[in-house]
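Colleague: Quick one, fold the following:
(chains A and B)
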2 protein chains.
Amino acid sequence: MAEKSERTREYILDQAYKVFAQKGYKQVTMKDICEAAGLSRGGLYSHFPGTKEIFEAVLARITGVEENDFAREIRNGTPAAVILEGALEAMEREMDHPEESLGMALYEYAEAVDPAVLESLNRKAEERWSALISYGIKTGEFRKVDVEELVNVILYSYQGIRMWSSIISLKREVPRSVIRHIRRELVGDETSNARTDGGK
Amino acid sequence: MAEKSERTREYILDQAYKVFAQKGYKQVTMKDICEAAGLSRGGLYSHFPGTKEIFEAVLARITGVEENDFAREIRNGTPAAVILEGALEAMEREMDHPEESLGMALYEYAEAVDPAVLESLNRKAEERWSALISYGIKTGEFRKVDVEELVNVILYSYQGIRMWSSIISLKREVPRSVIRHIRRELVGDETSNARTDGGK
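Modeller: Below is the predicted model:
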């Protein structure tokens, strides 16, 4: 039973994510999430007391995932250039799918409820990118960039594109060129080497 | 009389800007703007029929200013490095004052009324930065960067910071490091030279 309940909870969070991505935070009601998840009111309320708690659970899940990946790969000795390619591909995919962005919902949640959640998400993103870039510099795979500077460029150009692309349609070249810039800064112009050699 | 009416109109737009920066677009009422500008309802309505028209007039004024500056300076033969320093200082000032940002209001306006305004603002910003960077490469003051790539990095990291800093408090080092990055890309690490030599 616990396992089924856990599965239902995960399913609710998947469906709620889509609702928040589409409607933001403020306008979403428990009824919207019931409908998206195909649950009765009672079914939904047995898992979550309100949209605030659902949104926070969605965020916690995202943060959890983001927190782990680089650190684990670094511990496993995966080459920095390989981790970077995976991260850039994920970023490009996310920037190409603005309809899946929680940008507006996060914005509204931070304004209405609690900016601290965003601060924490932001700090974690900073930490994971700093760790990756420092690691790549140490292994000699990345150029000796100013870590903090490049982390800020990465995070905010990504956020800017996510935000804007959820309102206006951006050419696909926009996210691509930002990804190219990050890659160029870290591994130089010979990007194809980074993929195949992995810095070894 | 025409002149006084024009001055009142400008004053309304100044005050309305602050209201939109503070409250976004959707929640602003004509009453808010009457109060901010110290006008009666009749006084305000004799200038503008509604908040939509006021917001659009605020935007038109911003866009007008942005449109002119680089092009005029380039025509006047101002060194690219000097124009760049002025632009970066303005950007840094804007990023340091999130309370003056129309970010949220623009977002809400684009969602509620018309994304085309944002597309046009965006295109103009792209054009002016592309013109400046191409000019600086031609005069030999800037490094031969990929123009489109760097323009996207500039615009979206700026937008990302403006957006985020209106919700959470960012360290001042964040905008500074992004400015440093842009300067480094264009004029190399010896930033002090760019200021004094102006590429001459």
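
Colleague: I'd assumed A:Y25 was in contact with A:D32.
Modeller: No - A:D32 is beyond contact range of A:Y25, at 11.4 Å (criterion: Cβ atoms under 8 Å). Any C-beta I mention is one placed from the backbone N, CA and C, and that applies to glycine too.

Colleague: ranges for the helices of chain A?
Modeller: Using DSSP state H, the helices assigned to chain A run over residues A:2-23, A:30-37, A:41-45, A:51-75, A:80-96, A:103-112, A:115-138, A:147-165, A:173-187, A:191-197.

Colleague: which residues sit against the third one?
Modeller: Under the contact criterion Cβ atoms under 8 Å, 6 or more residues apart in numbering or on different chains, helix A:41-45 has outside partners A:T8, A:I12, A:M30, A:K31, A:I33, A:C34, A:A37.

Colleague: try 7 Å
Modeller: If you take Cβ atoms under 7 Å, 6 or more residues apart in numbering or on different chains as the criterion, helix A:41-45 is touched by A:I12, A:M30, A:I33, A:C34, A:A37.

Colleague: Check the residues you listed against chain B and report the nearest one.
Modeller: A:I33 (20.9 Å; Cβ to the nearest Cβ).

Colleague: Give the closest residue to that closest one in space, chain neighbours not counted.
Modeller: Distances taken as Cβ to Cβ, 6 or more residues apart in numbering or on different chains put A:A16 closest to A:I33, at 5.1 Å, once the chain neighbours are dropped.

Colleague: what about the one you found, how many neighbours?
Modeller: Using other Cβ atoms under 10 Å in any protein chain shown, A:A16 is surrounded by 22 other residues.

Colleague: quick one, what contacts it?
Modeller: A:I33, A:A36, A:I54, A:V58.

Colleague: Pick out the most distant pair among these.
Modeller: Using Cβ to Cβ, the contacts of A:A16 span at most 12.4 Å, a distance reached by A:A36 and A:V58.

Colleague: So which of the helices of chain A is the most surrounded?
Modeller: Sort the helices of chain A by mean neighbour count, taking mean count of other Cβ atoms under 10 Å in any protein chain shown, and helix A:147-165 sits at the top with a mean of 24.

Colleague: Any residues of chain A in contact with chain B? List them.
Modeller: Within chain A, the positions near chain B by Cβ under 7 Å from any Cβ of the partner chain are A:107, A:110-111, A:115, A:118-119, A:122, A:148-149, A:152-153, A:156-161, A:163-164, A:167-168, A:173-174, A:177-178, A:180-181.

Colleague: who's in contact with A:E173?
Modeller: By Cβ under 7 Å, 6+ apart, A:E173 lies in contact with B:E148.

Colleague: What pLDDT is listed against it?
Modeller: A:E173 is assigned 93 on the pLDDT scale.

Colleague: do the same with A:K200
Modeller: Looking at A:K200, its pLDDT is 38.

Colleague: Also A:N76?
Modeller: pLDDT for A:N76: 93.

Colleague: State the number of residues packed around it.
Modeller: If we define neighbours as other Cβ under 10 Å, then A:N76 has 8 of them.
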